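Engineer: return a 3D structure for these sequence lines:
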Amino acid sequence: MNDFSFVELSLLALAGIFAGFINVVAGGGSLLTLPLMIFFGLPPAIANGSNRIAIIAQNIFAVSNFKRKGVFVYPFSLYVGLSAVAGSIIGAFLAVDLDDKVFNRILALIMVAVAAVILLKQKPIIEELEQKIVKNQGIGIVAFFFLGIYGGFIHAGIGFLIILVLTRINHFSLLKSNSIKVFVALLFSISSLIVFILNDAINWKVGLSLAVGTSIGGILGSHFSMKKGDKWIKRILILAIIAMAIKLWFFNH
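Structural biologist: Residues are numbered from 1 along each chain as shown. Below you'll find the predicted structure:
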């Protein structure tokens, strides 16, 4: 079914608020919106493409909010962002014939691994560590190329992986990691959206309805991150990972 009712579009917008908030604060919001679009009758490939409209809208507002509050890491964000863009083009072209069940189980295992890493005791993060990074910047740029491939391919859960790289390899705080994450996701979502548009894999009505919600969620999520800081971001991140991993492993169709 491709003719969505007003009620269905409204439900997508409401779901988008929660997904946008979770995406900015932690990650995994697409694991709510993608199944919902498919449940309402949208083919998986078109749901995957239409989801990028909502992600772009959410991150425009989140980036603007972070930057206005002075939480913006430049030029590092641009370096890793451009690397991710290159990867996302490859990933978007690969986004066909996806075996949902196998993919979801692999993603569930990845999420559990990310949760385990987050729960490990970390040394206090200080600004000097964030700046010490000629070698670590290079590793980060390479890592973001591969993250871009994954983000262009499906996007769902990419926030967890980006935060893992930024906190463990580049030693950024969770707040700054979130700021970098939304900027990078904005860039590579634009490039992957272009690929989906060229392949006629977009439902604009659905994508724009969802974008209304994710925009609100993006604003709320960026405010929450800056107000509550690392302690609360970490709690929500772990809860989101556990919930999504359980959903993917036990509730596949």
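Engineer: in the stretch 151-253 of the chain, where is pLDDT below threshold?
Structural biologist: Counting by pLDDT under 70, the ranges of the stretch 151-253 of the chain that qualify are 228-238, 240-241, 243-245, 247-253.
Engineer: which SSE is immediately downstream of the helix or strand hosting residue 11?
Structural biologist: According to DSSP states H and E, residue 11 maps onto helix 6-25. Counting by DSSP H and E, the next helix or strand C-terminal to helix 6-25 is helix 30-39.
Engineer: hmm, back to that, list the buried residues of the helix holding residue 11.
Structural biologist: Within helix 6-25, the residues scored as buried using 16 or more other CB atoms under 10 Å are 8-9, 11-13, 15-25. Heads up, the C-betas are built off the backbone N, CA and C, glycines and all.
Engineer: which residues touch it?
Structural biologist: 4, 28-30, 32-33, 36-37, 40, 54-55, 58-59, 62, 159, 178, 182, 185, 205-206, 209-218, 220-222, 224-225, 233, 236-237, 240 (CB atoms under 8 Å, 6 or more residues apart in numbering).
Engineer: what angle do that helix and helix 30-39 make?
Structural biologist: 160 degrees (axes from the mean of the first three to the mean of the last three CA atoms, to 10 degrees).
Engineer: so for helix 6-25, mean pLDDT?
Structural biologist: Averaging pLDDT along helix 6-25 gives 88.
Engineer: for residue 38, what are its contacts?
Structural biologist: 44, 47.
Engineer: which pLDDT value goes with it?
Structural biologist: 80.
Engineer: number the chain from 519, please
Structural biologist: Shifting the count to begin at 519 puts that one at residue 556.
Engineer: list only buried entries from the contacts of helix 524-543.
Structural biologist: Neighbour-count burial (16+ other CB under 10 Å) applied to the contacts of helix 524-543 gives 522, 546-548, 550-551, 554-555, 558, 572-573, 576-577, 580, 677, 696, 700, 703, 724, 727-736, 738-740, 742-743, 751, 754-755, 758.
Engineer: which of those fall within helices?
Structural biologist: 548, 550-551, 554-555, 572-573, 576-577, 580, 677, 696, 700, 703, 724, 727-736, 738-740, 742-743, 751, 754-755, 758 (DSSP state H).
Engineer: buried stuff in stretch 586-594?
Structural biologist: For stretch 586-594, the neighbour count (16+ other CB under 10 Å) marks 589, 591, 594 as buried.
Engineer: oh sorry, the question was meant for stretch 672-685
Structural biologist: Of all the residues in stretch 672-685, those buried under the rule 16+ other CB under 10 Å are 672-685.
Engineer: show me what contacts residue 735?
Structural biologist: Contact analysis of residue 735 by CB under 8 Å, 6+ apart lists 534-542, 547, 576.
Engineer: from those, pick the one nearest residue 692.
Structural biologist: Distances from residue 692 to these, taken as CB to CB, are shortest for residue 542 (11.9 Å).
Engineer: which non-adjacent residue is nearest that closest one?
Structural biologist: Of all residues beyond its chain neighbours, the one nearest residue 542 is residue 739 (3.0 Å), with distances taken as CB to CB, 6 or more residues apart in numbering.
Engineer: and if you look at residue 660?
Structural biologist: Nearest to residue 660 is residue 601, by CB to CB, 6+ apart, at 7.4 Å.
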